[in-house]
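> Sharing a sequence plus its predicted fold:
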Amino acid sequence: MKNILVSGACALMGYGILKSLRMSNRNYNLIGTTIYDYDDSVAPKYCDTVLKAPLTLSDGFIDWLMNVIREYEVDLIIPSFEIDVNFWSKKKYLLENSRAKLVLNNVDLISLCEDKWKFYEELKVNNCPFVIPSSLSSDFKRLKTQFGLPLILKPRRGSASKGIVKVLNEETFYLHKDEIGEKLMVQPLIGTEEEEYTTGAFCDGKGGYYAIITLRRKLSAEGYTNKAEVIENTNIQEAVFNICKILKPLGPTNFQFRLHNNQFQLLEINPRFSASTSMRSAFGYNDAVMAVDYFLESEAPEQPIIRKGKAIRYIEEHIYYS
């Protein structure tokens, strides 16, 4: 039996990974960690053991994690939250000296994706045709001429569409002008919410990918996929392949696109598991199991048969009887 630890077990990405591993009916011993009181969460439904963790950025976190790995004889550790992915990548040399294997994307790509402006510059210098024009200018008239209206003010750091400001006029722009450059970047508003796509690819770290799935999605107010429909689009697959050649992601990687003027434009890349992981697993694309096989057993995944359909998220209860 393999002992697998997943961080963020009380949150959507964490229990999405755990739920996907449970779907496989394999003989895994699943250990979930969380900073919250897990007695008030759904995490125990999918875990054999749930552990209260210190804050990821606290001084004692790595020592705590190394002790857990030893005590529970953990074979594989999987970070779910972006903060875990970023911090664990910086401590990769320590974690790799433990007994556990680590599910982690290309560390250079993880670092690059921490700053969306630097990410944009990397794609731009490599002549990526799918990159959205961006700027750090705070000259409203210049930006209006260059991009038109509406404009989007996007945080250089962060995820799940949080903190994005839609600018329809000069008054709104000037409310945020002083943050442009250091904290915010400027882009034109492209496409519509009805033509937004999330693509998961299990990448080989060499400029290609083993498996892929695309969902046309609608976002919730929190920025996560709320509704999704499986689609197959060769243009998106070609875009992912071209982006992989530049950035060389490794393992589970998410590509977010919008269709604009009949061309797919890249909103961002998340070099980690997605909040829609369990949705994808339900359609046959279980990248949580792929990650176990790849990072623990050195077995490359194959393209699975993807079942067509739609997914809708809703609020549900899980009952713990006394």
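Everything's here; your move.
> What mean pLDDT does the helix or strand that residue 186 is a member of get?
Using DSSP states H and E, residue 186 sits in strand 184-188. Taken as a whole, strand 184-188 carries a mean pLDDT of 97.
> let's have the chain start at 864 instead
Will do, 864 is the new start, and the previous item becomes strand 1047-1051.
> Please pull up the helix or strand immediately following it.
Per DSSP H and E, the first helix or strand lying C-terminal to strand 1047-1051 is strand 1059-1067.
> Packing partners of that next one?
strand 1072-1082, strand 1088-1094, helix 1097-1110, strand 1113-1123, helix 1150-1154 (3 or more CB pairs under 8 Å, 6 or more residues apart in numbering; DSSP states H and E). Where C-beta positions appear, they are placed from N, C-alpha and C, glycine not excepted.
> Please name whichever of those is nearest to residue 1054.
The closest of the helices and strands packed on strand 1059-1067 to residue 1054 is strand 1113-1123. By CB to CB, the value is 3.4 Å.
> Measure how the helix or strand following that closest one sits relative to strand 1059-1067, angle-wise.
Counting by DSSP H and E, the next helix or strand C-terminal to strand 1113-1123 is strand 1126-1133. Here the directions of strand 1126-1133 and strand 1059-1067 differ by 60 degrees (axes from the mean of the first three to the mean of the last three CA atoms, to 10 degrees).
> can you give me the strands in the stretch 914-1063 of the chain?
939-941, 964-965, 1014-1018, 1028-1030, 1047-1051, 1059-1067 (DSSP state E, counting those that start in this stretch).
> pLDDT of the third one, averaged?
It stands for strand 1014-1018. For strand 1014-1018, mean pLDDT is 95.
> Please find the angle between the direction vectors of that strand and strand 1047-1051.
Interaxial angle of strand 1014-1018 relative to strand 1047-1051 (the same axes, to 10 degrees): 150 degrees.
> strands paired with strand 1014-1018, and their directions?
The strands that strand 1014-1018 pairs with in its sheet are strand 1028-1030 (antiparallel), strand 1047-1051 (antiparallel) (by DSSP bridges).
> what's next to stretch 1001-1020, contact-wise?
Contacts to stretch 1001-1020, defined as CB atoms under 8 Å, 6 or more residues apart in numbering, come from residues 977-980, 996, 998, 1000, 1025-1033, 1036-1037, 1039-1052.
> Restricted to buried residues, select these in ChimeraX.
Those of these that count as buried under 16 or more other CB atoms under 10 Å are selected in ChimeraX with:
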select :977,979,980,998,1026,1028,1030,1036,1043,1047,1048,1049,1050,1051,1052
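> Go through the strands paired with strand 1014-1018 and name the closest to residue 928.
Checking those against residue 928 by CB to CB gives strand 1047-1051 as the closest, at 33.6 Å.
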